[in-house]
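>>> show me how the following folds:
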Amino acid sequence: MRVLDRGLAWLSHQYLGDIPVDRISTVVAVLLSYALAHVFRRIPPQMSNAKHVYSIASTLLLFGAVQGQYAGLMHLAVGSVIVYGLIRLMRTRYMPYAVFLVAMLHMSYSHIRRQLNEQRSGRVELDHTGAQMVFVIKVTSLAFCIYDGQQDKAKLSGYQRKNAIMQAPSLLEFLGYVFFFPGFAVGPAFELATYRQMICLDDAKASGQLARRGYRKLLEGLFWMAVYVVYSNTYTFAEMARREFYVQRTFASTALHLCITGVVVRAAYYTAWKMSEGACIVAGLGFDGLDAGRARWLDIANVHVRGVETGSSLRQLIDSWNIGTNTWLRHHVYLRIAQRPEGSRASTRATVLTFLVSAWWHGFYPGYYLTFVMAALSANAARILRRNLHAPVYAHAGSTVKLVYGLLGWALSKYTLDFVAAPFMVLTLQSSLEIWRGNYYAVVVGVVGIYVLFRGVGRWLGRVGGESAQPSARKDKVGMGVGLTQK
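Sure thing, here's the model as predicted:
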C-alpha cells in the first residue's frame, strides 16, 4: 500500500467513519485542483500551449500520484491517440460513428474488467472507468462537432451551430481538452468550444467573480460530504437488501427509510460533482463574459440539487440529475438518430436506441438495466397521470387542494426516484429485487395501474360511450434526458 493510502486509511478510521480510501483520495485530488486552478487561470491567454501542457501535467499529478490510477491513465492515453488518429485521418461522414464505436468498445472492456474484479473481490472500488465515461462523452461530442463544422449551417440546430468546430484541434489542444484536470475524474463534460472560450479568458476581467462562485460550489460540496460522513453508515441500500431489514416494519416506515437513504447516497455524488464544478469555475470554465458589469455564466453543472430534492415531478427530478450526460444523449445521440428538429414529435426508434446507448455507457450490471427500464416506464406513467390530473385540479380546485396535490406530487416523485435508483446502487439482480419486494413492488404496481386505468379502461370507456379514443401521448419534445447516473 502506498504511503498516501496508509495515511488516508488512518484518517478514515479515526475521523471519517471508515469511508473507503479510494473515495477520500478522489476528494483530496479535487481539493488540490482548486490550488492548481488558480495558477492555470493566471497563465496568459496568449500562451495557450502552456495552458494545455499545464492541464495535462496537473491531471497526471492528481489522477496518477494522488489517486494512484496509473493504469487508467495509460488506458486513456492510448484511447486518446487512437481517437485523434481517427479524427485526423478519416475524411468521410462516418468519422464520428467510428470514433463513437471505438470509444464505447474500449470503455466496455474497462467496464467488464472492473465488474469481474469486483465479483472476485466482493467490494466495489473506484478505478478509471468513471473518468473514461467522461472521456467518451468528450471525444464523441468532439467528433460530431467537427463533422457539423463541415455541414451547411442552415441545416444545423442552434446547439450544433454554436459548438461546431471548423478545424480539428492540434494534438496538444486535444489532449489539454480531454485531460482537463478539474473535471477529468468525475466531470463535468463539456464541448471543445467551451474549453476554447476558457483558454482565451482574460483573468483580469473576472478573477474575483470566478473565485467567489467557485468556492460557493466548494462549500456546497463540503456540506453534502458532511451529510454523507455522518449518515452513510446508518442509511445504506446494502442494509435494505437484507430480508431481515423488513421484519416488523410497516410500509410507511420502509418508504421513509428508502427516501432518507436515497438522499444520503446522493450526497456522495453531490459532493464530487459540486466540488469538481467549483474547481472548473475557478479555472475559468463557464464564464461567458460581462454584461453591463455583471458576469454571464454558462451552465456547466452536472446536477441541480434543488431540482432533484424539491422537484414536484419525476421529469423535473430526472432532468436535474447528471445533466452533462443528458445533454450528450440529447444532442449527440437522440437527435442524430431521429434526424428531425428539436421540438418535433418524439421518435420511438430513436428513443429506444438512445436508451440502449445510455445503458451501454453505464456498464453491464443487472441493476443498471432494471433502473433504466423502470425509469423509462415510470417517467411515461408520470406524464400520463399528470396530463389527466393536473389541468382539472388547477382549473377547479381551491388553494388547499392545490397545496395537497403539490405535496403529494413531490412525495410520490421522490419515492419513485429512490425506488427506481435502488438497483443502480446495489448492482445485483438479487439485491435489487429484495429491496423492491420489501417495498411491495409499489412503483411497479403503480405504473401498471396507471397504464391499465388511463390507457386500457379509459379507451374502452371512450369506445362504449361512442367517442373516438384520444391519443394517450402528446407530442413529447425530443431530448428528454435518459442518462440517470454516473459513477
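>>> check contacts around the residue nearest to V227 when sequence neighbours are not counted.
Leaving aside its sequence neighbours, V227 sits nearest to A267 (Cβ to Cβ, 6 or more residues apart in numbering; 4.4 Å). Using the backbone N, CA and C atoms, a C-beta is placed for each residue, glycine as well. For A267, the contacting residues are W224, M225, V227, Y228, Y231, S232, by Cβ atoms under 8 Å, 6 or more residues apart in numbering.
>>> and the nearest residue to L258 once chain neighbours are set aside, how close does it get to Y441?
In space, and not counting its chain neighbours, L258 is closest to D418: 5.0 Å by Cβ to Cβ, 6+ apart. Note on D418: its distance to Y441, by Cβ to Cβ, to the nearest Å, is 14 Å.
>>> please say which of the two ends up with more neighbours.
Applying other Cβ atoms under 10 Å to D418 and Y441 shows that D418 carries more neighbours, namely 24 against 14.
>>> helices or strands next to the helix or strand harbouring that one in the packing?
D418 belongs to helix 399-426 when assigned by DSSP states H and E. In terms of contacts (3 or more Cβ pairs under 8 Å, 6 or more residues apart in numbering; DSSP states H and E), helix 399-426 is packed against helix 237-240, helix 251-283, helix 305-310, helix 314-319, helix 366-396, helix 429-438, helix 442-450.
>>> ok, which stretches of this protein are strands?
Along the chain, counting by DSSP state E, strands occupy 287-291, 294-297.
>>> quick check: buried residues in the longest one?
It stands for strand 287-291. F287 (16 or more other Cβ atoms under 10 Å).
>>> just the C-alpha atoms of it, please, in CSV.
What follows is strand 287-291, C-alpha atoms only, in CSV (Å, rounded to 0.1, in the frame of the first residue of the first chain):
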residue,chain,number,x,y,z
PHE,A,287,-17.6,32.3,-17.6
ASP,A,288,-19.4,33.9,-20.6
GLY,A,289,-18.2,37.5,-20.4
LEU,A,290,-19.6,40.6,-18.8
ASP,A,291,-22.8,42.4,-19.5
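>>> got the angle for that strand vs helix 251-283?
Here strand 287-291 runs at an angle of 70 degrees relative to helix 251-283 (axes from the mean of the first three to the mean of the last three Cα atoms, to 10 degrees).
>>> how far is strand 287-291 from where the chain is centred?
Remark: strand 287-291 is offset 26 Å from the chain centroid, using Cα atoms, centre = their mean, to the nearest Å.
>>> ok, now stretch 253-260?
24 Å.
>>> over to stretch 241-258?
29 Å.
>>> please renumber the chain so that the first residue is 898 from this point on.
Fine by me, first position is 898 from now on; the one you just mentioned is stretch 1138-1155.
>>> endpoints of that stretch, how far apart?
11 Å (Cα to Cα, to the nearest Å).
>>> just stretch 1043-1052 next, same as before
15 Å.
>>> got a list of contacts for it?
984, 990, 992-993, 1053, 1057-1058, 1060-1065.
>>> filter those residues to the buried ones?
I984, M992, P993, Q1057, N1060, A1061, I1062, A1065.
>>> dump these into a markdown table; add distance to S922 and pLDDT as well.
As requested, the buried ones among the contacts of stretch 1043-1052 are arranged in a markdown table below (distance: Cβ to Cβ, whole Å; pLDDT from 0 to 100):
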| residue | distance to S922 | pLDDT |
| --- | --- | --- |
| I984 | 33 | 96 |
| M992 | 37 | 96 |
| P993 | 35 | 95 |
| Q1057 | 38 | 93 |
| N1060 | 33 | 95 |
| A1061 | 38 | 95 |
| I1062 | 35 | 95 |
| A1065 | 35 | 92 |
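>>> follow-up on the earlier one: closest to S1018 out of the contacts of A1164?
S1129 (20.3 Å; Cβ to Cβ).
>>> if we can go back for a sec, looking at the helices and strands packed on helix 1296-1323, which is closest to Q1094?
So among these, helix 1148-1180 is nearest, using Cβ to Cβ, at 12.1 Å.
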